[in-house]
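> structure, please.
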Amino acid sequence: MNKVLLIIFTMLFSIAGFAQVGIGTTTPDASSALEVQSTEKGLLIPRMTSAQRTAIASPALGLLVYDT
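Coordinates of the predicted model:
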């Protein structure tokens, strides 16, 4: 029983300890949820037609797609 509580306790603190995700960086900015750094590559977002874009049910505010 004590092992189970220790595992749960450890998981809760490890999840709460990482508020930001960094790709290409070990220190993402504190105000960001995701920071991507690269000097050789870019970011490729989903590409779709206007019909596909407008067919998204309840899109999130600020949803980012490239309309082809």
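> in the chain, which spans are strands?
Here the chain has its strands, by DSSP state E, at 21-23, 34-36, 47-48, 66-67.
> distance from the chain centre to stretch 44-53, please.
19 Å (Cα atoms, centre = their mean, to the nearest Å).
> quick one: average confidence on it?
Averaged over stretch 44-53, pLDDT sits at 95.
> endpoint to endpoint, it covers what distance?
The first and final residues of stretch 44-53 sit 16 Å from each other (Cα to Cα, to the nearest Å).
> still on that earlier bit, make CSV out of the strands of the chain and add mean neighbour count and distance to Ala55.
C-betas here are computed from N, CA, C, even on glycine. What follows is these, written out as CSV (neighbours: other Cβ atoms under 10 Å; distance: least, Cβ to Cβ, whole Å):
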stretch, mean neighbour count, distance to Ala55
strand 21-23, 13, 29
strand 34-36, 13, 26
strand 47-48, 13, 9
strand 66-67, 10, 12
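> worst mean pLDDT among those?
Across the strands of the chain, strand 21-23 gives the lowest mean pLDDT, at a mean of 84.
> tell me what that strand is packed against?
strand 34-36 (3 or more Cβ pairs under 8 Å, 6 or more residues apart in numbering; DSSP states H and E).
> mind listing what the strand it packs on pairs with, with the direction of each?
Strand 34-36 has the following sheet partners, assigned by DSSP bridges: strand 21-23 (parallel).
> centre of the chain to the partner strand, how far?
On Cα atoms, centre = their mean, the centre of strand 21-23 falls 8 Å from the chain's centre.
> residue boundaries of the helices in the chain?
Assigned helices in the chain, in chain order: 2-16, 50-54 (criterion: DSSP state H).
> residue contacts, the residue minimising distance to the centre of the chain?
By Cα atoms, centre = their mean, the chain has its centre lying nearest to Leu34, at 5.4 Å. The contact partners of Leu34, taken as Cβ atoms under 8 Å, 6 or more residues apart in numbering, are Gln20, Val21, Gly22, Ile23, Pro28.
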